[in-house]
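Okay, sequence plus prediction incoming.
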4 protein chains.
Amino acid sequence: MKIEKLQGLIAAPFTPMDKSGALNLEMVPVLAGSLVKNRVKGAFICGSTGEGVSLTFDEKKQVFSAWGKQASPDLKVIALVGGTSVSEARQLALHAQECGHFGISLVAPYYFQAANVAQLVRFCADVAEVVPQMPFYFYHIPVLSGCYFSMYEFLLEAEDKIPNLAGIKYTQEDLMDFSLCLQFKDQKYDLLWGRDECLLAAMAMGAKGGVGSTYNYAAPLYHRLMEAFETGDMEKAQHLQNESIAFIRFLGKYGGIGTGKAFMKLVGLDCGEFRTPVKNLSAGQLEALRRDLENIGFFDYCSKV
Amino acid sequence: MKIEKLQGLIAAPFTPMDKSGALNLEMVPVLAGSLVKNRVKGAFICGSTGEGVSLTFDEKKQVFSAWGKQASPDLKVIALVGGTSVSEARQLALHAQECGHFGISLVAPYYFQAANVAQLVRFCADVAEVVPQMPFYFYHIPVLSGCYFSMYEFLLEAEDKIPNLAGIKYTQEDLMDFSLCLQFKDQKYDLLWGRDECLLAAMAMGAKGGVGSTYNYAAPLYHRLMEAFETGDMEKAQHLQNESIAFIRFLGKYGGIGTGKAFMKLVGLDCGEFRTPVKNLSAGQLEALRRDLENIGFFDYCSKV
Amino acid sequence: MKIEKLQGLIAAPFTPMDKSGALNLEMVPVLAGSLVKNRVKGAFICGSTGEGVSLTFDEKKQVFSAWGKQASPDLKVIALVGGTSVSEARQLALHAQECGHFGISLVAPYYFQAANVAQLVRFCADVAEVVPQMPFYFYHIPVLSGCYFSMYEFLLEAEDKIPNLAGIKYTQEDLMDFSLCLQFKDQKYDLLWGRDECLLAAMAMGAKGGVGSTYNYAAPLYHRLMEAFETGDMEKAQHLQNESIAFIRFLGKYGGIGTGKAFMKLVGLDCGEFRTPVKNLSAGQLEALRRDLENIGFFDYCSKV
Amino acid sequence: MKIEKLQGLIAAPFTPMDKSGALNLEMVPVLAGSLVKNRVKGAFICGSTGEGVSLTFDEKKQVFSAWGKQASPDLKVIALVGGTSVSEARQLALHAQECGHFGISLVAPYYFQAANVAQLVRFCADVAEVVPQMPFYFYHIPVLSGCYFSMYEFLLEAEDKIPNLAGIKYTQEDLMDFSLCLQFKDQKYDLLWGRDECLLAAMAMGAKGGVGSTYNYAAPLYHRLMEAFETGDMEKAQHLQNESIAFIRFLGKYGGIGTGKAFMKLVGLDCGEFRTPVKNLSAGQLEALRRDLENIGFFDYCSKV
């Protein structure tokens, strides 16, 4: 399979919910429209930001379908199909294909850990083989999956066993391992950096794009950062990365991943709340976050709806 | 809800598969028969040993049904209904009820971690509330779930919020926390010890029963151990616990949880193999394990089919 | 070397400090007297409770000397001689010998970790060899040392390489590994249990004694527990273990190891405060602890001065 | 205190040993000469690479003295004075001052962990206060110290309490926290990046210099990397960082930190071996490493003796 490298920003969309906590799929075209308007090139759905693990099997299929309708050469859709059950992941991979998605992705099994890299590759291969024409991305996020294997070792093992392996969504700050993966076999694979708060560092090491949650609501900032980097204006690029860090700090301050949906509300793209066990912001916290964001000028560079 | 304390041995059955890796539910009555014959009082299904996480949603429902037909006052069935999706867990809880199970159980969410004990209790309460007449057991197994909260703190928080809370399947060697849970409110709750290799230690601290995987194939040994303990013959009880440790060591030697299904083959209760990412024994390893077990006299005290 | 098994309670004494934080060695005979009076058989000095790591090399030697003067067949002194520097540990081992100590002990290196069990044994052997006539105890406390190797594997590797190996101070709740060590080569080695809060569980598995910090101030309680266990009165033994847990919980409530010196003040054996980075109790917290202890009747069973 | 920012490369020298494992201080002038010749601006001694924890207190003083004689405006010496004992660290700080060192450094206590950032700052302040005229650098290396506190929080707490705080030797890949420290109070503090394998990434985020072990033997490579970065030639800078990664991988292949002294032998600066528990290369491994390094052209860009 010829690997098409994704460049630029890929968003990991939030899955929209209504006030009762049920899916609110009418928001999907709105979200997709905002991504295209803000020059985001793709949507990595049902991953961590997309709460894939909190959805039922049927809900995932509905979300795949809704995003499939928005898929286009300008907005490539990649679906996270895991899960800890290979059987369900295979069914979801086939469904992603029917929905016209660009590719699929899989996270390391996170209840039973893979005993070694070979077992991990086998787990992935068992899923990837059902859609041999679709690019397969491994989703490396050890802080959530608990799987800390070297991705360079993964590529060594997987190259022959997963013919449709396209690359890795790399959400871990191990820049040496990341670089080894970037350079693997003359830059054969597509490496998507997953830590928005240090995208600049990854670009310095050779990254051409990133997947992240903050590209849902602050893409213009990162486009300016990437342009500054490309034109060699490192001072400006650093300044913009620090602007990014300034608002990402509030995710920690207000309690983690649940804060993301609060950002979405504040930019006018209400996706409801995260399901348990993720903690959401209270009304008071939402207002406090708004004031914090106003104070740092966040709304000057946030995404347009 | 009046809490009925489970005493004695509860097995965590393996989910039987055929050679292709599909469910082999015809084995369920055979397994249940062996448990009753060996005086095992209950079956905790679709947990870690039962590979719940590797089954599809539909497969779990089929396994629930098959075990439901074996449920009786002499063989209480408790189903693990999680999962990281509250919605699926609720559906499975209702299905367990329809199948005539005795109780349900839930493990802490293992992709997104609960932010604190209150979030964990909320996650559990959202599931337990759909079957208010069924005993609810929290399944504490931090080495797999990543959730290390004190269970004493859990009881403090959960007592009012989960009216049908019956107890905890406690699979962690924290005997102080375990004792605090045992003694909580005049021994209000049912505490089921989950580490077969030191059941004797837990009994010394006050445990009356245990849930484990080795009770599937070595129950007679543990009955003798419990009887020795009850009659005050600590030397004999220690000897028997050491016999248990002697074969449990082979789980480590041959690579972990997958070894359990090899034991089942060797006692004549073929449940097939574990699904990926769990590693199974090769044919050569299976024979080596058989020899190891013969050398320590395992087949003298293993369960009868 | 013929291994003499230590039975009963060994205390891990606090190192007494004056108000300025300097050593207050005049308290050592007082502490030793209280231990003998309360039938404690030994003193394991300069370990975690004894703040060995917070003392200078010279201070350690002074503490060794002070305790050496109290050493007797009724109060065996074992000195922790590590440390991360083999050279210093060797010098301290020789000093312990000169001071008339019964044995020495070493913790796993805790800055650079031993790469494997063989490296750990080599580290120990390099120290143990300078005092070939003294019993050598390995001090297993992974929560502080970061070294989680199986102690059974340690014994397998060390048996030939450390001729004066006498046993292990085992401060970790891994009762299977502990039992394997107890049973190793017909119970060749001396295993000292290091978790006071579940001494009863360890005794059920075969332990004959323990080393701990709470034996400094609550030995009578544990003597009654051990007697109840020996006479087969498990209900009473459990009750006493729960009494022990009741006050050990306050170590957590008031912030950890520093609380131990507060207990000492409250039983009339003022050892001053822990050095940084350990946190001590404020005057208000000390009073609150006193009230907590009064409420649970602690002063009825604490050690006599 | 006016903070002088260190720019460029600072080496963390190996402590030279003879064949018996004793100090070989005659090598210190040779090492210092090589550093100056290769435009390295400073020496951070007795840290991890320098095996501070494996030296006796007296040996550390000797090493401080030997390096003090090499100190100059062109080769600033900073001594790691910890340790887990505040008293010893204070004595060593005073000795560093007498020896004419530029600054001192302290790692977080690594046996008893600091309970919180305030306790950590207190621990540091107790040491820094004895040399109020010397720049104080905190040494952040959580993988060895176990202390994972945010350094941004550390600066917030320390700013008022450590008047001579100059900065942080930052050996952790948390580029967001690192950036927050860099930008703290208009770039008040000196941040020295400690991961040689991704120096380029840190420079992109704003770092002006680094401290590391590979600058002992491969400084010319990094000078070229820094020059390429400064002149905006990112492609060349990436290429050079990848050259650096190519040889750093061999540290992993041959077993970790002990490999560093093998590199020194191969460039003609024999520092002997690491002390236990660190594992050294066998003679065969040393030759294999030489061949590996020849194959990647390492000797073209290594430091000149």
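Sure thing, it's come through. Residues are numbered from 1 along each chain as shown, chains lettered A, B, ... in the order given.

CA atoms for contacts and neighbours, from now on please.
Noted.

buried ones in stretch A:228-240?
Buried residues in stretch A:228-240, counted by 16 or more other CA atoms under 10 Å in any protein chain shown: A:228-229, A:232, A:234, A:237-240.

which residues are in contact with it?
Stretch A:228-240 is contacted from outside by A:200, A:221-222, A:224-226, D:204-206, D:232, using CA atoms under 8 Å, 6 or more residues apart in numbering or on different chains.

Tell me which two in those residues are the farthest apart.
Farthest pair in the contacts of stretch A:228-240 (CA to CA) is A:221 and D:232. Separation: 22.0 Å.

For chain A, which residue gets nearest to chain D?
Across chain A, the shortest distance to chain D (CA to the nearest CA) belongs to residue A:201, at 4.3 Å.

Verify the stated contact: that residue with residue D:199.
No: applying CA atoms under 8 Å as the test, residue A:201 and residue D:199 come out as separate, 9.7 Å apart.

Flag every residue of the stretch 151-300 of chain A that's near chain D.
Within the stretch 151-300 of chain A, the positions near chain D by CA under 8 Å from any CA of the partner chain are A:173-176, A:179-180, A:197-198, A:200-202, A:204-206, A:232, A:234, A:238, A:242, A:245.

And the helices in the stretch 201-305 of chain A?
Along the stretch 201-305 of chain A, the stretches classed as helices by DSSP state H, counting those that start in this stretch are A:219-230, A:234-253, A:259-266, A:283-295.

what's the closest of those helices to residue C:294?
Per CA to CA, nearest to residue C:294 of the helices of the stretch 201-305 of chain A: helix A:234-253, 40.3 Å.

now the closest one against helix A:283-295, angle please.
Angle between the axes of helix A:234-253 and helix A:283-295 is 170 degrees (criterion: axes from the mean of the first three to the mean of the last three CA atoms, to 10 degrees).

could you dump helix A:234-253 to CSV, C-alpha only?
Taking Å, rounded to 0.1, in the frame of the first residue of the first chain, the C-alpha atoms of helix A:234-253 are listed here in CSV:
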residue,chain,number,x,y,z
MET,A,234,11.4,30.6,15.6
GLU,A,235,10.8,33.4,18.0
LYS,A,236,7.2,33.9,16.7
ALA,A,237,6.7,30.1,16.7
GLN,A,238,7.8,29.9,20.3
HIS,A,239,5.5,32.8,21.3
LEU,A,240,2.5,31.0,19.7
GLN,A,241,3.4,27.7,21.3
ASN,A,242,3.4,29.5,24.6
GLU,A,243,0.0,31.0,23.9
SER,A,244,-1.2,27.4,23.3
ILE,A,245,0.3,26.3,26.6
ALA,A,246,-1.4,29.2,28.3
PHE,A,247,-4.8,27.8,27.6
ILE,A,248,-3.9,24.1,27.8
ARG,A,249,-2.9,24.7,31.4
PHE,A,250,-6.5,25.3,32.2
LEU,A,251,-7.3,21.7,31.3
GLY,A,252,-5.2,20.8,34.3
LYS,A,253,-6.6,23.5,36.5
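
Please work out the angle formed by the directions of that helix and helix A:219-230.
Using the same axes, to 10 degrees: helix A:234-253 against helix A:219-230 is 150 degrees.

by how many degrees do helix A:234-253 and helix A:259-266 diverge?
Helix A:234-253 and helix A:259-266 are oriented at 110 degrees to each other (the same axes, to 10 degrees).

Which residues are in contact with residue A:46?
A:12-15, A:52-53, A:60, A:63, A:79-81.

That one and residue A:62, how far apart?
As judged by CA to CA, to the nearest Å, residue A:46 and residue A:62 stand 11 Å apart.

and if you look at residue A:89?
15 Å.

Who has more neighbours out of those two?
Per other CA atoms under 10 Å in any protein chain shown, whichever of residue A:89 and residue A:62 has more neighbours is residue A:89, with 25 against 15.

And the strands in the stretch 1-150 of chain A, which stretches?
A:8-11, A:42-45, A:76-80, A:103-107, A:136-140 (DSSP state E, counting those that start in this stretch).

do you know which of those lies nearest chain C?
Nearest to chain C, of the strands of the stretch 1-150 of chain A and by CA to the nearest CA, is strand A:136-140 at 26.4 Å.

what packs against the closest one?
strand A:103-107, strand A:165-170 (3 or more CA pairs under 8 Å, 6 or more residues apart in numbering or on different chains; DSSP states H and E).

Distance to chain C and mean neighbour count for those strands - can I get that in CSV?
Formatted as CSV, those follow (distance: least, CA to the nearest CA, whole Å; neighbours: other CA atoms under 10 Å in any protein chain shown):
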stretch, distance to chain C, mean neighbour count
strand A:103-107, 28, 26
strand A:165-170, 29, 25
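
okay if I get those strands as JSON lines plus distance to residue C:289 and mean pLDDT?
Compiled in JSON lines, the helices and strands packed on strand A:136-140 are given as follows (distance: least, CA to CA, whole Å; pLDDT from 0 to 100):
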{"stretch": "strand A:103-107", "distance to residue C:289": "48", "mean pLDDT": "98"}
{"stretch": "strand A:165-170", "distance to residue C:289": "49", "mean pLDDT": "98"}
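
Which one, of those, ends up nearest to residue A:296?
Here strand A:165-170 is closest among the helices and strands packed on strand A:136-140 (CA to CA), at 28.8 Å.
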